[in-house]
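Enquirer: with the sequence up front, the predicted model follows.
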Amino acid sequence: MSRIKRFISFEGIEGSGKSTQVKLLGDYLGAKGYKVLTTVEPGGTSIGVKIRNLLLEPQNHMDPLTELILYYASRAQHVREVIYPAILNNTVVITDRFTDSTVAYQGYARGIDLSIIQALDEIVVSDLKPSLTFLLDLDVEEGLRRNRQAQKEDRFELETLEFHTRVRKGFLQIAAREPERVKIVDTSRSTEEVSREVIRIIEELWH
Ligand code: TMP
């Protein structure tokens, strides 16, 4: 399986601080002279934003299979409209969530067979996989507490503690299976400390 060298993803449970770290790494690499694109899933395109709303609105009672396919619909558009063209244009792409989120949330937490997710991923993503993933790891209760402070309340934030615990375990299992690609960063520390570690890892790998 090939990996795209300058395609980076950030993963983690709710409240793990991904969006801040995506921005900080994007700023750092931009200042170093790289062309950088930061983006987010679900979303990243105008169609993706509409799908994101469908997925996250708390009033939508959604079948798990509908949910899975909507994540992949958003990803199909994102890959073709944004990520692939940017990579062809020699741009570093940093995404806030990608396939590992589907494996952790729809697979480990919702209970959809991982082989179904893998089959969809082969069709939609194929070879366009991140070469480096930062798993921002945090205690589940602490993550949910941080999110409540930020007053976020979407369909996933309303899930049980057990659900989010399964998500975290799922991410940690992915990291255990693929230690070369997935770097675990303890995100219970300050934003600056986490950012320094992310940058240290990338400097070590790229130089
Ligand atoms: P965000 O709050 O990090 O922007 O992510 C939106 C929610 O979507 C979050 O609760 C995780 C969830 N999600 C999945 O369940 N599966 C996926 O494939 C992705 C990308 C996100």
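Expert: Looks like it came in fine.

Enquirer: phi first, then psi, for Arg6.
Expert: Backbone dihedrals for Arg6, given as degrees, to the nearest 10, come out at phi -100, psi 50.

Enquirer: I'd assumed Val92 was in contact with it.
Expert: Yes - shown here, Arg6 and Val92 form a contact pair, counting by Cβ atoms under 8 Å, at 4.4 Å. For every residue, glycine as well, the C-beta is placed using N, CA and C.

Enquirer: any shared contact partners between the two?
Expert: Taking Cβ atoms under 8 Å, 6 or more residues apart in numbering as the criterion, Arg6 and Val92 both touch Tyr34.

Enquirer: so the two - more neighbours on which side?
Expert: Val92 (22 against 19; other Cβ atoms under 10 Å).

Enquirer: who are the contact partners of that one?
Expert: By Cβ under 8 Å, 6+ apart, Val92 lies in contact with Arg6, Phe7, Ile8, Leu29, Tyr34, Lys35, Val36, Leu37.

Enquirer: quick check: bridge partners of it?
Expert: For Val92, the beta-bridge partners are Val36 (DSSP bridges).

Enquirer: of the contacts of Val92, buried ones?
Expert: Using 16 or more other Cβ atoms under 10 Å as the burial test, these include Arg6, Phe7, Ile8, Leu29, Val36, Leu37 as buried.

Enquirer: mind listing the helices for this protein?
Expert: Along the chain, counting by DSSP state H, helices occupy 18-31, 46-56, 64-78, 84-88, 99-102, 114-124, 140-149, 161-177, 191-206.

Enquirer: one step back: now tabulate the contacts of Val92 in TSV and tack on distance to Asp139 and pLDDT.
Expert: Formatted as TSV, these follow (distance: Cβ to Cβ, whole Å; pLDDT from 0 to 100):
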residue	distance to Asp139	pLDDT
Arg6	32	91
Phe7	29	96
Ile8	24	98
Leu29	29	97
Tyr34	33	96
Lys35	36	97
Val36	31	98
Leu37	31	98
